[in-house]
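Undergrad: Return a 3D structure for these sequence lines:
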Amino acid sequence: MSGADRAGPPPTPPGPLEPWPETVRWQPISRDLIWVELIRLGILLAVALVVLGVIWAVAGHWLLGAAIGVALLLSVWRAVTIVRAVRAWGYAERDDDLLVRHGLLVRRLSIVPYSRMQFVDVSAGPLERAFDLATVQLHTAAAASDARVPGLRPAEASRLRDRLTALGEDRAEGL
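TA: So this is what the prediction gives:
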């Protein structure tokens, strides 16, 4: 029996349902984004509970009390998914493109060629600034192909913006 027979079949390349390439060095985003998203959820929940509570106090129907219970249950479920969703975000810089991955149930891999980028935007809302975070948004000619990388420290967001802008200008010259 030869060595090739004992080795078994060659490994198969990842299919379309396995979008995270193993050969890529993924960069995670900051876990502080979990707190930002949980605070946003808390604000939304507080507003919803106040509105439902006032309506329940005025109308007094039991279904409004049940709606409050459902809102609380959905908020707990969303809090768990926020933690998992933030951990699923990642990005990777390659020679010719930027890869951005996210998603749990529906996993999404966006590949943005540097030559297709029109501009790169860095933004930070009040909550993001409070946690020292920023979001890098890549804009291309096709609106559906825009990608964003949230939860970056401002220094990393600026470095990524400058690098992507420089690489985009270099690659666009060759077109």
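Undergrad: my guess is residue 33 contacts residue 86, does it?
TA: Yes. Using CB atoms under 8 Å, residue 33 makes contact with residue 86 at a distance of 5.0 Å. The C-beta positions use only the backbone N, C-alpha and C, and glycine is treated the same way.
Undergrad: which neighbours do these two share?
TA: Overlap of the contact sets of residue 33 and residue 86 (by CB atoms under 8 Å, 6 or more residues apart in numbering) consists of residue 151.
Undergrad: host element of residue 162?
TA: Assigned by DSSP states H and E, residue 162 belongs to helix 154-173.
Undergrad: Show me what counts as buried in that helix.
TA: Under the neighbour-count criterion of 16 or more other CB atoms under 10 Å, helix 154-173 has 156-157, 160-161, 164, 167-168, 171 buried.
Undergrad: Over to stretch 29-42?
TA: For stretch 29-42, the buried set under the neighbour-count rule, 16+ other CB under 10 Å, comprises 29-30, 32-38, 41.
Undergrad: wait, which of these is closest to residue 138?
TA: Residue 138 lies nearest to residue 29 out of the buried residues of stretch 29-42, by CB to CB, at 14.8 Å.
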